[in-house]
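Visitor: I'll drop the sequence and a predicted model, then ask my questions.
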Amino acid sequence: MSRYLGASREVLVAVDLPPGPAWVDVLWDLWTEGVSFLPLDRRLTDRERRVVVELARPACIITEDDEVLFADPSPIDPERAAIVMGTSGTAGAPKLVELSRAAVSAAVGLSFGALGESVGQVALDPSEPWASCLTPAHVGGLLVLLRRLIFASPVTVLEGFDAATLIEQAPAGAHVALVPAMLRRLVEVDADLSALGVLLVGGGAVDPELGAGAARLGGRVVTTYGLTETCGGIAYDGRLFEDTQARVAEGQIELHGPTLMGGYRHDPAATAAAFTLDGWLRTGDAGVIGDDGLVTVHGRMDELIRTGAETVWPQEVERVLRDHPKVVDVAVTGRPDPEWGQRVVAFVVAAREDDPPTLEELRAHVSERIARFKAPKHLVLVEGLPRTASGKLRRGALPG
């Protein structure tokens, strides 16, 4: 019998705790007891969290001080859905990804060999230390804690991310999972990244400039590609995990392997749409697979801009625009154009309000580095950009 009221192998338990060491004991209890759990994201608003809970229908919520019981929980298969992870991607509508014990264990286990291949051709030993600074409601953050639960890896759990705190409190040589915004902050403060182990960066592309800045500070950056639906990263520096396959169908990356989700909780239509008839996961990402087997991601299929007869990927233009000294942040998207079908529009956060960049300056900057047809034809100055709780750009929420 579980120590938590209402918890059993037949129902789901939600965990609502602030980031920090308390997560380790709670997840250890639930994992070893075979109780399925859903980490709730404390960064969401109360309304957003209620939507997730109503969709999940757990038996109880474990909080800092108590357990909140519900009268009508929905049953769950603890093997098919050992962990349920909320994801809204960049569209805002929540989905609940069901991850099996086998898939989660495979994701963590295979990552040791994949990381070793990226940094030294020798598999990382599970006994090497890790530091946790991502929320457990993010699949990358949860996987760090699961290294401790499944493989007894030593994990130092921090109460959120702070560049100075990470450097000060992480054990020497500790590996760290980050998102690009965190890596950027470490580079901005000239952190001594040589004190850390591998910097496993997922959740978005790493600009070449950012990667070079991290290397200058002694950082060993490994980029990861994956989805919540794949138990996080399944390709490190473009190399797929063992036993994982990728293919491209009509420009879209499709994946097959031991880490794929079972489906979306209480959403059979979305589950059916996510998989092909032969069981491959449709990622929604556009990309290519090289002759060497490396996976290159161009961006989301629905973010592609078609202007005239040309194809423009927003991420490529954004990387160039971020190099402009008057730009502190930028998002690029397509907007309807009567002549070209779509025109490239740049939403820019200026480095200085009293000296914002002009469209002509940005077009000249882009045209010197990539094809001129990719340069923005319209500029919108904004105070900030809409992002998810994990820092991903919500391109669909940009002003019309």
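Guide: Right, received. Where do you want to start? A quick note: this is a predicted structure, and the numbers were derived from the prediction, not measured.
Visitor: shaky segments in this structure?
Guide: Regions of the chain meeting the criterion pLDDT under 70 cover residues 1-2, 88-92, 121-122, 389-390.
Visitor: domain map for it?
Guide: Domain segmentation of the chain under automatic domain parsing yields 12-98, 102-300, 304-397.
Visitor: of all those domains, which one is nearest Gly6?
Guide: Smallest distance to Gly6 across those (C-beta to C-beta): 3.6 Å, for domain 12-98. Bear in mind the C-beta positions are built from the backbone N, C-alpha and C, glycine included.
Visitor: how far off centre is that closest one?
Guide: With C-alpha atoms, centre = their mean, to the nearest Å as the basis, domain 12-98 stands 18 Å off its chain's centre.
Visitor: ok so, going back, can you lay out the domains of the chain as JSON lines showing distance to Gly6?
Guide: Output for these, formatted as JSON lines (distance: least, C-beta to C-beta, whole Å):
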{"stretch": "domain 12-98", "distance to Gly6": "4"}
{"stretch": "domain 102-300", "distance to Gly6": "18"}
{"stretch": "domain 304-397", "distance to Gly6": "27"}
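Visitor: hmm, Pro209 is touching His324, no?
Guide: Heads up, residue 209 is Glu, not Pro. No. Counting by C-beta atoms under 8 Å, Glu209 stays clear of His324, with 11.6 Å between them.
Visitor: ok, which stretches of the stretch 51-200 of the chain are strands?
Guide: For the stretch 51-200 of the chain, strands defined by DSSP state E, counting those that start in this stretch occupy the ranges 60-62, 67-69, 83-87, 95-99, 130-132, 155-157, 175-178, 198-201.
Visitor: CSV for the ones you listed, including mean neighbour count and distance to Leu145?
Guide: Compiled in CSV, these are given as follows (neighbours: other C-beta atoms under 10 Å; distance: least, C-beta to C-beta, whole Å):
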stretch, mean neighbour count, distance to Leu145
strand 60-62, 23, 15
strand 67-69, 15, 20
strand 83-87, 24, 11
strand 95-99, 24, 14
strand 130-132, 25, 6
strand 155-157, 19, 6
strand 175-178, 26, 10
strand 198-201, 24, 14
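Visitor: which of Glu209 and His324 has more residues huddled nearby?
Guide: His324 (18 against 13; other C-beta atoms under 10 Å).
Visitor: where's that one, which helix or strand?
Guide: When elements are assigned from DSSP states H and E, His324 belongs to no helix and no strand.
Visitor: from what I can see it touches Leu362, true?
Guide: Yes. Using C-beta under 8 Å, His324 is in contact with Leu362, at 6.4 Å.
Visitor: out of the strands of the stretch 51-200 of the chain, which is closest to Gly279?
Guide: strand 95-99 (15.6 Å).
Visitor: in its sheet, what does the closest one sit against?
Guide: If you go by DSSP bridges, strand 95-99 pairs up with strand 83-87 (antiparallel), strand 263-264 (antiparallel).
Visitor: what's across from the residue lying closest to Ala170 once chain neighbours are set aside in the sheet?
Guide: Leaving out its chain neighbours, the residue that sits closest to Ala170 by C-beta to C-beta, 6 or more residues apart in numbering is Ala131, at 3.8 Å. Beta bridges link Ala131 to Thr156, Val176 when assigned by DSSP bridges.
Visitor: pretty sure Ala131 sits against Gly173.
Guide: No. Using C-beta under 8 Å, Ala131 is not in contact with Gly173; the gap is 10.0 Å.
Visitor: now the common contact residues for those two.
Guide: Common neighbours of Ala131 and Gly173 are listed as Leu196 (criterion: C-beta atoms under 8 Å, 6 or more residues apart in numbering).
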